[in-house]
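> Model the following, please.
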Amino acid sequence: MFGGAVSIPNNSPHLRKSGSRPVVFDIGTGDLGNSSEEDFSHSLESDEMKGGAIPLNSVAITPSPLLLWRFKVLLFIIWGFCCCKIGWDSVMRMSVDLRDLFLYEAFLYYNPFLLVTMMVWLWGINLWVFAQANVGYAKMFDLDQSHLTHREIWKCATWMTIIVPTSMTAYLYLYSHGEVSLAASQPVLLYAAAAMTLIFPFDIFYLSSRFFLLRTVWRIVFPLQAISFADFFLADIFTSMSKVFSDLERSVCRMVHRQVATIAWFEADSVCGSHAVAIPIVLVLPYIFRFFQCLRQYRDTREKTALLNALKYSTAVPVIFLSALKYHVIPEKWTNIYRPLWLFSSVLNSLYSFYWDITRDWDLSCFTRIFKFTKPHILSHVLYGRKWVYLWVIGSNLILRCTWTYKLSAHLRHNYITLFAITALEMLRRFQWVFFRVENEWNKTNSKANIQLVDNPEEEQILLNNNGHNV
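Take a look at the predicted model:
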């Protein structure tokens with residue numbers, strides 16, 4: 001009993017791991033014989049001679065995930081307060097005459113990244129709902145197994161939320177304290193870092209996902225192949241971000257021409273001014289890309305619906321260019337000819353787009369099924385099968401479709417706060433559009449799969465039998 005070997009099961013509470021070796025402790029002296037104690041002491045002495053002494057009472061202590069989360073939230077709140085305080089004090093240092101113009105320029109450089117950050121957060125929420133509803137979005141978008149989940153999307157959005165306002169705060173602080181050259185470098189560094197992050201060729205920071213995004217963008221710009229669901233889905237999102245792309249172009253233009261934090265940016269008729277021809281061109285590009293996608297889809301499928309969809313995107317072209325004509329024609333012509341045409345094309349584009357959303361992109365017969373979660377959740381209880389969701393989505397979609405025309409019009413871009421708010425609302429409209437567009441595609445995919453199973457029951461049974469599965 002005491003003189004023989006002692007065997008202790010692996011799951012014994014007396015076994016603890018220190019490094020990679022099991023260490024025995026907390027055993028009474030009467031439980032083990034002298035030979036066992038000598039063997040244990042000999043093993044410790046040999047480990048010490050090797051330089052790898054093992055502490056007997058070492059237990060790994062790690063904080064709880066909840067405690068870490070609360071600590072991160074506290075740091076985030078402190079950081080946000082510091083940015084707001086420094087930014088506010090920096091703006092208040094400037095004279096009243098220059099304050100609004102200064103904010104307008106700062107807003108031009110940073111509002112595209114703020115809106116993109118908002119869109120990334122919303123996309124993470126979309127993916128979270130898809131995961132809760134057990135929607136196979138990875139199959140619909142042709143994603144590989146290493147695709148980003150909602151947690152990883154939120155992690156990226158968190159870093160974007162930290163970096164962009166920090167750069168903006170540094171710009172405001174340096175400019176208000178007379179360090180103009182250093183202030184001008186802040187947006188340049190931010191844009192350069194964003195570009196390098198996207199095109200960095202090494203296997204860090206989600207290389208496969210970045211490659212998938214860039215490849216999809218390439219397929220959108222050059223629709224030389226069959227259009228996939230991911231292609232036109234991302235292209236539709238780009239149409240909601242046309243103002244973001246326009247501001248990015250103006251910001252890069254001023255950086256290239258060394259107009260950042262200089263008085264040259266205030267000249268509206270300059271090459272990078274608010275009357276530049278490049279503004280309507282960049283605004284219309286997402287609609288042109290989507291237009292050619294529809295033509296490519298018609299060539300591949302011969303479905304007339306694709307032509308009607310192409311017509312919908314073509315109605316945005318006159319809205320954009322008729323608005324831009326205000327700065328290039330005499331006021332009488334604008335008031336009597338082009339302004340009525342602009343109003344007519346705006347109404348046509350808004351109503352046509354709204355009709356297409358309701359009748360084509362969404363399937364009202366199975367509306368809100370996407371909110372039927374696999375596990376009980378308060379969000380599913382509030383949204384699934386509720387009639388008010390129908391009324392809210394349809395009504396808000398109509399209103400925001402009409403207000404989005406305001407953003408496409410270059411002659412209505414003077415109040416940058418209003419424009420930022422309308423663009424953010426368009427992001428929210430696209431956010432809710434994603435749910436029901438994916439739901440519609442998911443239902444179509446499931447219907448096709450069911451039809452194929454019904455049409456080929458014998459072939460299905462043969463395949464299942466060959467793979468050892470039973471129905």
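
> Setting aside sequence neighbours, what's the nearest residue to the spatially most central residue of the chain?
By Cα atoms, centre = their mean, the chain has its centre lying nearest to Val120, at 2.0 Å. For Val120, ignoring the flanking residues on the chain, the nearest one in space by Cβ to Cβ, 6 or more residues apart in numbering is Ala157 at 4.2 Å. (Each C-beta comes from the backbone N, C-alpha and C, glycine too.)

> I'd say that neighbour and Thr117 touch.
Yes. Between Ala157 and Thr117 a contact is recorded at 6.0 Å, counting by Cβ atoms under 8 Å.

> Could you list every helix and strand in contact with the helix or strand hosting the residue nearest to Val120?
Here Ala157 sits within helix 150-176, counting by DSSP states H and E. Applying 3 or more Cβ pairs under 8 Å, 6 or more residues apart in numbering; DSSP states H and E, one finds that helix 150-176 makes contact with helix 65-92, helix 96-132, helix 180-199.

> For Val116, see how far away Ala278 is.
Remark: distance between Ala278 and Val116 (Cβ to Cβ, to the nearest Å) = 20 Å.

> May I have the secondary structure class of Ser274?
Secondary structure, DSSP: H, G, I helix; E, B strand; the rest coil: Ser274 is coil.

> Tell me the confidence at it?
For Ser274, the pLDDT comes out at 72.

> Low-confidence ranges, the stretch 51-200 of the chain, go.
51-60 (pLDDT under 70).

> any idea which element Asp236 lies in?
Per DSSP H and E: Asp236 is located in helix 229-240.

> what angle separates the longest helix seen in the chain from helix 229-240?
Scanning the chain for the helix with the most residues, using DSSP state H, yields helix 416-455. Relative orientation of helix 416-455 with respect to helix 229-240: 160 degrees, computed using axes from the mean of the first three to the mean of the last three Cα atoms, to 10 degrees.

> Can you mark which positions in helix 416-455 are buried?
416, 419-420, 422-423, 425-427, 429-442 (16 or more other Cβ atoms under 10 Å).

> So for Ala278 and Val116, which residue has more residues nearby?
Val116 (18 against 13; other Cβ atoms under 10 Å).

> Which residue is the nearest non-sequential neighbour of that one?
Closest to Val116 by Cβ to Cβ, 6+ apart is Val244, at 6.5 Å.

> C-terminal to the host helix or strand of that neighbour, what's the next element?
Assigned by DSSP H and E, Val244 belongs to helix 242-256. Per DSSP H and E, the first helix or strand lying C-terminal to helix 242-256 is helix 278-301.

> by how many degrees do the helix or strand following that following helix and helix 278-301 diverge?
Proceeding N to C from helix 278-301, the next assigned helix or strand is helix 304-314, under DSSP H and E. On the basis of the same axes, to 10 degrees, helix 304-314 is oriented at 180 degrees to helix 278-301.

> now the helix or strand just after helix 304-314: how far from the chain's centre is it?
With elements assigned by DSSP H and E, the helix or strand that comes after helix 304-314 is helix 316-324. With Cα atoms, centre = their mean, to the nearest Å as the basis, helix 316-324 stands 28 Å off its chain's centre.

> Equivalent analysis for stretch 342-353, please.
How far stretch 342-353 lies from its chain's middle: 29 Å, per Cα atoms, centre = their mean.

> ok, and what's touching that stretch?
311-312, 315-316, 318-319, 322-323, 398, 401-402, 404-405, 409 (Cβ atoms under 8 Å, 6 or more residues apart in numbering).

> again, only using 6 Å
Contact partners of stretch 342-353, identified using Cβ atoms under 6 Å, 6 or more residues apart in numbering, comprise 312, 315-316, 318-319, 322-323, 401-402, 405.

> filter those to the buried ones?
The buried subset of the contacts of stretch 342-353 - by 16+ other Cβ under 10 Å - is 312, 315-316, 318-319, 322-323, 401-402, 405.

> for these, which one is nearest Glu105?
Ser323 (22.7 Å; Cβ to Cβ).

> Model confidence for that closest one, exactly?
85.

> if we take the contacts of stretch 342-353, which one ends up nearest to Gln132?
Arg401 (28.3 Å).

> which non-adjacent residue is nearest Cys272?
Cys253 (3.9 Å).

> Can you give me the neighbour number for the one you found?
Cys253, neighbours per other Cβ under 10 Å, totals 18.

> Model confidence for it, exactly?
90.

> returning to that earlier point: tell me how many other residues crowd the residue nearest to Val120.
Neighbour number of Ala157 under other Cβ under 10 Å is 20.

> do the same with Pro65
Using other Cβ under 10 Å, Pro65 has 8 other residues around it.
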